[in-house]
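Engineer: Just need the structure, nothing else, for what follows:
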Amino acid sequence: MRAEVAFFNVASGVSMAFAFLIVQLLNSIIPSLVALHVAGEAQRVDTVVAYTLKYLTIAAFSFLLIVHAVGPWLVQAAMGERYLPVLINLRILALGLVPIGLVRTGISLAVVHRQPGKALRITAGALTVFLSASAVLVPRFAAVGASAAVALAFGCAGMIAYRQFSLGPVLAAAHFWRTILFGVVTLGVLSLPLASGLPMAILAGGLFLSLLFAGKVVSIREIRLIGQGLAA
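Structural biologist: Alright, predicted model coming up:
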């Protein structure tokens, strides 16, 4: 049991560090969103939210792909072969991080529109699903069950955010489902015995990036504008 707790704690620490980064990035744009909302620039608010959601979803899927491609090598190199079960938990938790951009988008909009009740419902829904799933899964699957419960909680929170704020137009502008599709395709390629370690990570990264450009999810002009904005 102590080993199971250790496996979950290590995987949770890594995934939550990435989640914290996403939270900080979204928190940093909330003042701008509030200013635009007060100025009556509702369309610009939606545009900023859509762009942010798009790149956070890409980042989350990139994290998931890295975990699948080089996770075994990284875990073994950093902690040793006995900690390889950490990878199972980390893969499940990384999958749960894909909707976190959607979750935080909903919470950010709740702040902008001064609707704390909606943010509370997102959090309460996630907590309820986590506790319920944990009660069922943890006794049977231990650390893997706990990781699955966390992933299910994030997914539920994303669905609640989507329904409460009618995020269909925002998701369309963010090419959210197209990004998910390209990520799933890349994950499928990762499951093939083509290569391992860094070569497979490079192959998967190149494929995912190519699909994003070919599918017009991202463009050189857009990336250039973002770079100019960050530099300014």
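Engineer: tell me the contacts of the spatially most central residue of the chain?
Structural biologist: Nearest to the mean C-alpha position of the chain, by CA atoms, centre = their mean, lies residue 98 at 2.8 Å. Applying CB atoms under 8 Å, 6 or more residues apart in numbering to residue 98 gives the contacts 57, 60-61, 64, 180, 183. Backbone N, C-alpha and C define where each C-beta goes, glycine included.
Engineer: One more pass at 6 Å, please.
Structural biologist: Neighbouring residues of residue 98 by CB atoms under 6 Å, 6 or more residues apart in numbering: residue 60.
Engineer: Equivalent analysis for residue 155, please.
Structural biologist: residue 99.
Engineer: rerun that using 7 Å as the cut-off
Structural biologist: Shown in contact with residue 155 (CB atoms under 7 Å, 6 or more residues apart in numbering): 96, 99.
Engineer: Tell me, what's the model's pLDDT at it?
Structural biologist: Residue 155 carries a pLDDT value of 94.
Engineer: so how far is the helix or strand containing it from its chain's centroid?
Structural biologist: Element membership for residue 155, per DSSP states H and E: helix 116-164. With CA atoms, centre = their mean, to the nearest Å as the basis, helix 116-164 stands 15 Å off its chain's centre.
Engineer: Ramachandran coordinates for the residue of the chain most remote from its centre?
Structural biologist: Most distant from the centre of the chain: residue 39, at 30.5 Å, with distances by CA atoms, centre = their mean. Backbone torsions for residue 39, taken as degrees, to the nearest 10, come to phi -80, psi 0.
Engineer: low-scoring stretches of this structure, by residue?
Structural biologist: 1-3, 194-197, 225-232 (pLDDT under 70).
Engineer: Please consider this matter closed, and thank you.
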